[in-house]
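Q: Let's see this in three dimensions:
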Amino acid sequence: MSNLKLQDRDHLIDGKYGIADLVDLDRLRGIFEKFTKATGFTIGFLDHPGLNILAATGWRDICTKFHRGCPASAEICTKSNRHLLDALSEPGQIVVEACENGLVDCATPIIIKGKHIASLATGQLLLEPPDLERFKRQAGLYGFDERAYLAALAEIPVVSRETLRDVTLFLGEMAYVISEMGYTNLVIKEESGKLAGEIVERKLAELEKEKLNAELTVKNREMENFLYVATHDLRSPLVNIQGFSNNLAAYLDEVRTMLAAAPLPPETRQALDKLTAERIPAALKFIIGSSRSMDALITTLLKVSRIGRVEMKPETLEMNGLLKTILDSLHCQLKDAGGKITCGNLPRCKADPVAANQIFTNLLDNAIKYRHRDRALAVNISGKVKGGMAVYTVSDNGAGIPEADLVKIWSVFFRPEAAPERKGEGIGLHTVKHLAEKNGGGVTVESKEGEGTAFCVRLPAVEEEKNGN
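A: Coordinates of the predicted model:
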């Protein structure tokens, strides 16, 4: 046996088990797809040290069609992956690196019985706007179609370090769960191997399968709840920070009052006045501002986590009545905006009423929020039944969406660059898409910047209306 083969076997658990032997890859792919759909972040699950990709969800075109599609740049991808993943050695360790092709990746190890047997990674993102000249040079170096390459680059999300930190914490927890599952499976495999007899082995295999399926179901639910629990627990210390910051501001006022009456040398008074009037207030302002930003992020994450945890309860919906209720709730906003919403006769559908209300409330709220500055807002809502689906169109004459942003608007935390004073939380359209799909439908968009936008929502039609009756 060659040295390479010996080394490969040495890296296996007990010299014979790889990660593919210890986890249900199909179930994990399903979990990863849910994670990508909920957050917009990619997942890469690779064995170690072979770096074979066992599962990949949400990978960007710039990597799949360009960086990995060209032998020269693919070699750099492999080199960057090797450097990133070989740096992992301890459970819970997170490594974040910029790859040599210009994107940011992060990874955490799957370690079972002391062996780094696989890695869980996310990335294909940026922490700051890209250097276009650098990517233009890369396009020339590797012979890429520059226009198509830069279009693929425009799809890469730019996320904050705080957001990436939250996602890597979740990845670390997910890696821990996978390691636990792998170790449990390993123990079962080793124990079953000690038992003799075909009948006993068959029964053990059945028990093992049932146990693993039950564990995977539980772990899947735990991972779906993790984001909710983590963000919920962050709020308590944040409230303390905000409360004590307010206390410090009050104490500072007391100190100023006492200093004003105290006999002090001029140079001492001057130094203390600078501290109490400039430096300490500036520090407090920074702390309070940062805590407010963190509070807003936690609130947003809680809303995102709740979407995946809510069970849909579809029923027959009279959409004309539902839209009237929504329009009544938006009356004041619409009056302030000086706009008008017209609504045609809408077909019924089969969907969860709360989800349907959220879908259309978010779409109409966005239409009001991103209206055109130079003309009165006009929104039209229409509906028809087509192909067994109730199809609802919400069109407006608002500011429109830039073509480069059309593929990004469904991602969590995406916010348009235009009109920053009107930005929301960045989860409204993600919520619309997720809820439509959870109800067996979907949503698409057509838009032209400066002219308006039309969202098309598809929900299952009621049986008697599927033929257009």
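Q: which residues sit against stretch 51-68?
A: Here stretch 51-68 makes contact (CB atoms under 8 Å, 6 or more residues apart in numbering) with 19-20, 25, 28-29, 32-33, 35-36, 40-47, 73-74, 76-78, 81-82, 85, 101, 103, 118, 124, 142, 144, 149, 152-153, 155-156. Where C-beta positions appear, they are placed from N, C-alpha and C, glycine not excepted.
Q: Among those residues, which ones are in helices?
A: 19-20, 25, 28-29, 32-33, 35-36, 73-74, 76-78, 81-82, 85, 142, 149, 152-153 (DSSP state H).
Q: What segments of the chain are strands?
A: Assigned by DSSP state E, the chain shows strands spanning 43-47, 53-57, 95-98, 104-112, 115-125, 315-317, 340-343, 349-351, 378-386, 389-396, 442-448, 452-460.
Q: mind saving the C-alpha coords of the second one as PDB?
A: To tie it back to what came earlier, the one meant is strand 53-57. Once non-C-alpha atoms are left out, strand 53-57 reads as follows in PDB (Å, rounded to 0.1, in the frame of the first residue of the first chain):
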ATOM      1  CA  ILE A  53     -17.900  18.500  -2.100                       C
ATOM      2  CA  LEU A  54     -20.600  16.300  -0.500                       C
ATOM      3  CA  ALA A  55     -23.300  19.000  -0.500                       C
ATOM      4  CA  ALA A  56     -23.600  22.500  -1.800                       C
ATOM      5  CA  THR A  57     -26.500  24.900  -1.700                       C
END
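Q: right, and the helix or strand after it?
A: For strand 53-57, the succeeding helix or strand toward the C-terminus, using DSSP states H and E, is helix 61.
Q: Now find how far off-centre that following helix is within its chain.
A: 18 Å (CA atoms, centre = their mean, to the nearest Å).
Q: Near E451, how many other residues are there?
A: Burial of E451 is recorded as 12 neighbouring residues (other CB atoms under 10 Å).
Q: out of the contacts of stretch 51-68, which are buried?
A: Among these, the ones that count as buried by 16 or more other CB atoms under 10 Å are 19, 28-29, 32, 35-36, 40-47, 73-74, 76-77, 81, 85, 101, 103, 118, 124, 142, 144, 149, 152-153, 156.
Q: would you turn the strands of the chain into a markdown table with mean pLDDT and distance to E267?
A: Shown next, in a markdown table, are the strands of the chain (pLDDT from 0 to 100; distance: least, CB to CB, whole Å):
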| stretch | mean pLDDT | distance to E267 |
| --- | --- | --- |
| strand 43-47 | 88 | 61 |
| strand 53-57 | 89 | 64 |
| strand 95-98 | 88 | 48 |
| strand 104-112 | 87 | 50 |
| strand 115-125 | 87 | 52 |
| strand 315-317 | 93 | 75 |
| strand 340-343 | 91 | 67 |
| strand 349-351 | 93 | 73 |
| strand 378-386 | 93 | 66 |
| strand 389-396 | 94 | 64 |
| strand 442-448 | 91 | 64 |
| strand 452-460 | 94 | 63 |
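Q: closest one to V255 among these?
A: Nearest to V255, of all those, is strand 95-98, at 41.7 Å by CB to CB.
Q: Give me the contact list for that closest one.
A: Residues contacting strand 95-98 (CB under 8 Å, 6+ apart): 80, 83-84, 87-88, 104-108, 164, 168.
Q: Partner strands of that strand, with direction?
A: strand 104-112 (antiparallel) (DSSP bridges).
Q: what about the strand it pairs with, distance to the chain center?
A: 18 Å.
Q: Over to stretch 392-410?
A: On CA atoms, centre = their mean, the centre of stretch 392-410 falls 20 Å from that of its chain.
Q: Output it as PDB - backbone C-alpha positions only.
A: Extracted C-alpha coordinates of stretch 392-410, given in PDB (Å, rounded to 0.1, in the frame of the first residue of the first chain):
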ATOM      1  CA  TYR A 392     -52.600  38.000  -8.200                       C
ATOM      2  CA  THR A 393     -50.700  41.000  -9.700                       C
ATOM      3  CA  VAL A 394     -49.800  44.000  -7.600                       C
ATOM      4  CA  SER A 395     -48.400  46.700  -9.900                       C
ATOM      5  CA  ASP A 396     -47.400  50.300  -9.200                       C
ATOM      6  CA  ASN A 397     -45.900  53.400 -10.900                       C
ATOM      7  CA  GLY A 398     -43.200  53.800  -8.200                       C
ATOM      8  CA  ALA A 399     -39.500  54.200  -8.300                       C
ATOM      9  CA  GLY A 400     -38.900  50.700  -9.800                       C
ATOM     10  CA  ILE A 401     -36.000  48.300  -9.100                       C
ATOM     11  CA  PRO A 402     -32.600  48.500 -10.900                       C
ATOM     12  CA  GLU A 403     -32.100  45.400 -13.100                       C
ATOM     13  CA  ALA A 404     -29.000  44.400 -11.200                       C
ATOM     14  CA  ASP A 405     -31.000  44.200  -7.900                       C
ATOM     15  CA  LEU A 406     -33.900  42.000  -9.200                       C
ATOM     16  CA  VAL A 407     -32.100  38.800  -8.300                       C
ATOM     17  CA  LYS A 408     -31.100  40.200  -4.900                       C
ATOM     18  CA  ILE A 409     -34.400  41.500  -3.500                       C
ATOM     19  CA  TRP A 410     -35.500  38.100  -2.100                       C
END
